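Trainee: Structure for the following, please:
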Amino acid sequence: MEEYLQSITSKNNKILLAFLIDATYSMQQYISMTRNVVKQLARILQINFDGLQLRIAAVLYRDPLENEGSHHSVLR
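Mentor: Numbering: from 1, shown residues only. Model prediction:
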């Protein structure tokens, strides 16, 4: 993976990563694993790109009938 990352070029060192994540109840066991992979990927990118301006967006989708009345949460 690091070899692939080193092959990427950018004129302005700006990267926006967007993730679409299944956050339905059946996938809850994978949410923390996903969070860790995103953090690890961010670290690898920071190491491989000097002066990187990294933005990460996450769109989580849920079953509309699941947890009625619950509030939105932030993946941290």
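Trainee: Can I get the strand or helix carrying residue 58 in CSV? Just the C-alpha atoms.
Mentor: Assigned by DSSP states H and E, residue 58 belongs to strand 53-61. Presented in CSV, the C-alpha positions along strand 53-61 are these (Å, rounded to 0.1, in the frame of the first residue of the first chain):
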residue,chain,number,x,y,z
GLN,A,53,-4.1,19.1,3.8
LEU,A,54,-6.3,16.1,4.5
ARG,A,55,-10.1,16.4,4.9
ILE,A,56,-12.2,13.3,5.7
ALA,A,57,-15.9,13.1,5.2
ALA,A,58,-18.1,10.3,6.4
VAL,A,59,-21.7,9.6,5.4
LEU,A,60,-23.3,7.0,7.6
TYR,A,61,-26.6,5.5,6.6
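Trainee: which other helices and strands contact that strand?
Mentor: strand 14-22, helix 28-48 (3 or more CB pairs under 8 Å, 6 or more residues apart in numbering; DSSP states H and E). Quick note: C-beta positions are derived from backbone N, CA and C, even for glycine.
Trainee: Mind putting the ones you listed into a markdown table with mean pLDDT?
Mentor: What follows is the helices and strands packed on strand 53-61, written out as a markdown table (pLDDT from 0 to 100):
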| stretch | mean pLDDT |
| --- | --- |
| strand 14-22 | 89 |
| helix 28-48 | 88 |
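Trainee: In TSV, list those along with distance to residue 55 and mean neighbour count.
Mentor: What follows is those, written out as TSV (distance: least, CB to CB, whole Å; neighbours: other CB atoms under 10 Å):
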stretch	distance to residue 55	mean neighbour count
strand 14-22	5	12
helix 28-48	10	12
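Trainee: nearest to residue 7, of these?
Mentor: helix 28-48 (10.2 Å; CB to CB).
Trainee: quick one: contacts for the residue nearest the centre of the chain?
Mentor: Closest to where the C-alpha atoms of the chain average out (CA atoms, centre = their mean) is residue 38, at 4.4 Å. For residue 38, the contacting residues are 17, 19, 56, 58, 75, by CB atoms under 8 Å, 6 or more residues apart in numbering.
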